[in-house]
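> sequence-free structure coming up:
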């Protein structure tokens, strides 16, 4: 499985990459939303992990750009958030084509299981 992680925190990207690679998956990271969109347009990813709270070009901006380009439905997006987003806001995002979400700090076992479930379409 090819996974793209979009998170401005390099430590989070390193952790996600280490865990997913150890589980037999390929991992690429982007440190901001604009870089993430560029990678999405250039490559085929099975799952995209998207942090919502990034400076300048947030996860919300990424979702809007993907929606405008007709790409959101073509990608399995999992939101990662440590922000104080409400359950109602999460539910609204899930209606837009986002497949799942996880709150930080991540439980690593739950994280890997959820990413694999999303990949399988569960």
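Looks like it came in fine. Quantities reported herein were computed from a predicted structural model and do not represent experimental measurements.

> Report the distance from the helix or strand harbouring residue 49 to the chain centre.
For residue 49, the host element (DSSP states H and E) is strand 47-51. Taking CA atoms, centre = their mean, to the nearest Å, one finds strand 47-51 lying 1 Å from the centre of the chain it belongs to.

> likewise stretch 17-28?
Per CA atoms, centre = their mean, the centroid offset for stretch 17-28 relative to its chain is 14 Å.

> did I read that right, residue 61 in a helix?
Yes: assessed by DSSP: H, G, I helix; E, B strand; the rest coil, residue 61 belongs to a helix.

> so what's it up against?
Neighbour list for residue 61: residue 33 [criterion: CB atoms under 8 Å, 6 or more residues apart in numbering]. C-beta here means a position set from N, CA and C on the backbone, and glycine is covered the same way.

> close enough to count as contact, residue 56 and residue 32?
Yes: taking CB atoms under 8 Å as the definition, residue 56 is a contact partner of residue 32 at 6.6 Å.

> between these two, who's got more neighbours?
Each of residue 56 and residue 32 has its neighbours counted (other CB atoms under 10 Å); residue 32 has more, 19 against 9.

> how about that one, phi and psi?
Backbone torsions of residue 32, given as degrees, to the nearest 10, read phi -160, psi 170.

> need the contact list for the spatially most central residue of the chain.
Geometric centre of the chain, nearest residue: residue 49, 1.5 Å, by CA atoms, centre = their mean. Contacts for residue 49 (CB under 8 Å, 6+ apart) come out as 3, 4, 5, 6, 7, 16, 78, 80, 115.
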